[in-house]
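Participant: attaching a predicted model along with its sequence, questions to come.
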Amino acid sequence: MLQIIEIHRVKSTGSLSAITCTMNVLGNLSRLATALVQVADDLLYRASFIVAFLMNGYILLCFFIFRTKNKPEEKK
């Protein structure tokens, strides 16, 4: 949550790696799929994976939202 707040405060992803964030999202997706298939009765357990997936997915989305901020500006 703090990472998301900081990204929005500075309007840039800074030195955060897009590859690492992508791997985090894919890992969360696989854990979420496993939890949905294997654990049928524990809603709180599944909800924790859903929230983690959504937050990591949003951080990955921020790479596309703020991508123009990472490019160096031309001097006139």
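Facilitator: In hand now; what should we look at?
Participant: next helix or strand past the lowest-mean-pLDDT helix or strand in the chain?
Facilitator: Every helix and strand of the chain was ranked by mean pLDDT, DSSP states H and E. The lowest is helix 2-10, at a mean of 85. Per DSSP states H and E, the first helix or strand lying C-terminal to helix 2-10 is helix 18-38.
Participant: report the distance from that following helix to the chain centre.
Facilitator: Distance of helix 18-38 from its chain centroid, counting by C-alpha atoms, centre = their mean, to the nearest Å, is 11 Å.
Participant: from the middle of its chain, how far away would the least confident helix or strand of the chain be?
Facilitator: That offset, for helix 2-10, works out to 12 Å (C-alpha atoms, centre = their mean).
Participant: for it, packing partners?
Facilitator: Where contact means 3 or more C-beta pairs under 8 Å, 6 or more residues apart in numbering; DSSP states H and E, helix 2-10 is packed against helix 43-65. For the C-beta atoms, the positions are set from N, CA and C on the backbone; glycine is no exception.
Participant: which parts of the helix it packs on are buried?
Facilitator: Within helix 43-65, the residues scored as buried using 16 or more other C-beta atoms under 10 Å are 49, 52-53, 55-56, 59-60, 62-63.
Participant: need the residues you listed in a markdown table with pLDDT and distance to R9, can you?
Facilitator: Shown next, in a markdown table, are these (pLDDT from 0 to 100; distance: C-beta to C-beta, whole Å):
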| residue | pLDDT | distance to R9 |
| --- | --- | --- |
| F49 | 90 | 27 |
| A52 | 93 | 22 |
| F53 | 93 | 23 |
| M55 | 94 | 16 |
| N56 | 93 | 19 |
| I59 | 91 | 14 |
| L60 | 92 | 18 |
| C62 | 90 | 12 |
| F63 | 88 | 16 |
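Participant: looking at those residues, which is nearest K11?
Facilitator: Relative to K11, the closest of those is C62; by C-beta to C-beta it sits at 9.5 Å.
Participant: is it true that that closest one touches K11?
Facilitator: No - using C-beta atoms under 8 Å, C62 is not in contact with K11, being 9.5 Å away.
Participant: that older thread, just flag the most distant two among the buried residues of helix 43-65.
Facilitator: F49 and F63 (22.1 Å).
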